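*Asks:* based on what follows, work out the 3D shape:
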Amino acid sequence: MEFINFLQYSFIQKAFFAGAFVAITCSALGLFLVLKKMSLIGDGLSHVSFGAIALALFLGFYPFYMAIPVVMLASLLILKISEKAKVYGDAAIGIVSAIGIAGGVILASVSKGFNVDLFSYLFGNILAISNIEVILSVILSLIVLLIIYFFYWDLFSATFDEEYAKTTGVKTNSINTIITLLTAVTVVLSVKMVGVMLVSALLILPAATALQLSSSFKKAILIGGLTALISVLFGISFSFFLDLPTGATIVMVNALFFALAVFYKKTFT
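*Replies:* Alright, predicted model coming up:
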C-alpha cells in the first residue's frame with residue numbers, strides 16, 4: 001500500500017517519466033562513446049555545463065536554455081582543438097573542461113545569491129524536476145534517439161572501423177560531429193538527474209554492463225537501455241524510501257548491475 005501511495009505523488013511520476021527517457025538516451029549514446037574510446041567527453045562536457053548553468057543563473061536566464069547551446073558549442077570546440085591545434089582528444093577535452101569548471105567557480109564566488117541553486121545542479125535532484133524540464137527532457141531525448149535511429153549504420157560503421165567506413169563513403173567527420181553534439185545535449189539533460197559530478201557514469205555504466213553480456217551490437221543497445229531504465233526506477237525508489245541522494249543512488253544501482261554482469265561473465269561464460 002505504501003508503494004502504491006508513493007507512485008501517486010506527482011513529483012515521483014515526473015521523475016520516473018523524465019528519468020526513463022534520459023536513461024535510455026544515455027545508454028544508447030554511451031555505447032557508441034565507449035566503443036569509440038570517447039567516454040571522457042561526457043565528463044568534460046558536464047564540467048562545461050556547470051559553467052554554463054552558473055552563467056545562466058548569474059544573468060537570470062533559465063539554466064537549460066543557456067546550457068544546451070553553450071555545451072554544444074564547447075563540444076564543437078573540442079573537435080576543432082583536436083583538428084587544428086594537433087592536440088590529442090583527451091587533452092582537448094581537458095582544456096575545454098578546465099575552462100568550463102573554472103568559469104563556473106568564478107561566477108559562483110562573485111555572486112552569492114544562487115549558490116543553493118547551483119549546488120542542486122552539481123549533485124542532481126530529479127525529484128525536484130519541473131514540468132518544463134520534463135517536457136524538455138522528453139522532446140530532446142526523442143530527438144537524440146531519432147537521430148541515432150536514422151544514422152544508425154553510419155554511426156555503427158564509424159564506431160567499429162573508421163578507416164573502412166571512409167572507404168565505403170561514410171562521412172566520418174560529420175558522424176563524429178553528430179556524436180559530439182548529441183553527447184552535449186544528453187549531458188545537459190542528465191545534469192538534473194544525477195548532477196554534474198556523476199553524468200559520465202550515466203553514459204558509461206549501462207554501456208559497460210551491456211558489453212559484458214552481449215554478443216551483438218543491437219543486443220547491447222537493448223540490454224543497455226533496459227539496465228539504465230531499471231537503474232533509474234530503482235534508484236529513485238530507493239532514494240525516496242531510504243532518504244538518500246537520488247543521483248548518487250541511481251549511479252550506485254548502475255554500478256551494482258555492472259558488478260553483477262562482470263561476475264556473471266567470469267562465472268558462467
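*Asks:* quick one, helices of the stretch 51-200 of the chain?
*Replies:* Using DSSP state H, counting those that start in this stretch, the helices assigned to the stretch 51-200 of the chain run over residues 63-84, 89-110, 115-123, 131-150, 152-160, 162-167, 172-194, 199-213.
*Asks:* most packed of these?
*Replies:* helix 199-213 (a mean of 26; mean count of other CB atoms under 10 Å). Where you see a C-beta, it was placed from the backbone N, CA and C, and this is true even at glycine.
*Asks:* chain center to stretch 201-210, what's the gap?
*Replies:* Taking CA atoms, centre = their mean, to the nearest Å, one finds stretch 201-210 lying 10 Å from the centre of the chain it belongs to.
*Asks:* do the same with stretch 136-154
*Replies:* Mean C-alpha position of stretch 136-154 versus that of the full chain (CA atoms, centre = their mean) differs by 14 Å.
*Asks:* kindly report the same for stretch 241-251.
*Replies:* Here the centre of stretch 241-251 is set off from its chain's centre by 17 Å, with CA atoms, centre = their mean.
*Asks:* just the buried positions in it, please.
*Replies:* Applying a neighbour-count criterion of 16 or more other CB atoms under 10 Å, the buried positions in stretch 241-251 are 245-251.
*Asks:* before we move on, the earlier item: if we compare the helices of the stretch 51-200 of the chain, which one ends up closest to residue 238?
*Replies:* Checking the helices of the stretch 51-200 of the chain against residue 238 by CB to CB gives helix 172-194 as the closest, at 13.9 Å.
*Asks:* angle of the closest one against helix 63-84?
*Replies:* Here helix 172-194 points in a direction 140 degrees away from that of helix 63-84 (axes from the mean of the first three to the mean of the last three CA atoms, to 10 degrees).
*Asks:* on that earlier part again, which ones among the buried residues of stretch 241-251 lie within strands?
*Replies:* Judged by DSSP state E, strands contain none of the buried residues of stretch 241-251.
*Asks:* for residue 202, what are its contacts?
*Replies:* Residue 202 makes contact with 22-23, 26, 30, 190, 193-194, 228, 250-251, 254 under the criterion CB atoms under 8 Å, 6 or more residues apart in numbering.
*Asks:* 7 Å instead?
*Replies:* Counting by CB atoms under 7 Å, 6 or more residues apart in numbering, residue 202 touches 26, 190, 194, 251.
*Asks:* grab the nearest non-local neighbour of it.
*Replies:* The spatially closest residue to residue 202, leaving aside those adjacent along the chain, is residue 26, at 4.7 Å (CB to CB, 6 or more residues apart in numbering).
*Asks:* number of residues surrounding that neighbour?
*Replies:* Burial of residue 26 is recorded as 35 neighbouring residues (other CB atoms under 10 Å).
*Asks:* before we move on, back to that, between the helices of the stretch 51-200 of the chain, which one is closest to residue 47.
*Replies:* Comparing the helices of the stretch 51-200 of the chain against residue 47 with CB to CB, the closest turns out to be helix 89-110 (4.1 Å).
*Asks:* the closest one vs helix 63-84, what angle?
*Replies:* In this structure, helix 89-110 runs at an angle of 140 degrees to helix 63-84, with the same axes, to 10 degrees as the basis.
*Asks:* just the CA coordinates for helix 89-110, please, in CSV.
*Replies:* This file holds the C-alpha atoms of helix 89-110, laid out as CSV (Å, rounded to 0.1, in the frame of the first residue of the first chain):
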residue,chain,number,x,y,z
GLY,A,89,41.3,14.2,-28.0
ASP,A,90,41.7,13.7,-24.2
ALA,A,91,43.9,16.8,-23.9
ALA,A,92,41.3,18.9,-25.9
ILE,A,93,38.6,17.6,-23.5
GLY,A,94,40.7,18.6,-20.6
ILE,A,95,41.3,22.1,-21.9
VAL,A,96,37.7,22.9,-22.5
SER,A,97,36.6,21.1,-19.3
ALA,A,98,39.0,23.1,-17.2
ILE,A,99,37.8,26.4,-18.7
GLY,A,100,34.2,25.5,-18.1
ILE,A,101,34.6,24.4,-14.5
ALA,A,102,36.9,27.4,-13.7
GLY,A,103,34.3,29.8,-15.2
GLY,A,104,31.6,28.3,-13.1
VAL,A,105,33.7,28.5,-9.9
ILE,A,106,34.5,32.2,-10.5
LEU,A,107,30.8,33.1,-11.2
ALA,A,108,29.8,31.2,-8.0
SER,A,109,32.3,33.1,-5.9
VAL,A,110,31.4,36.6,-7.2
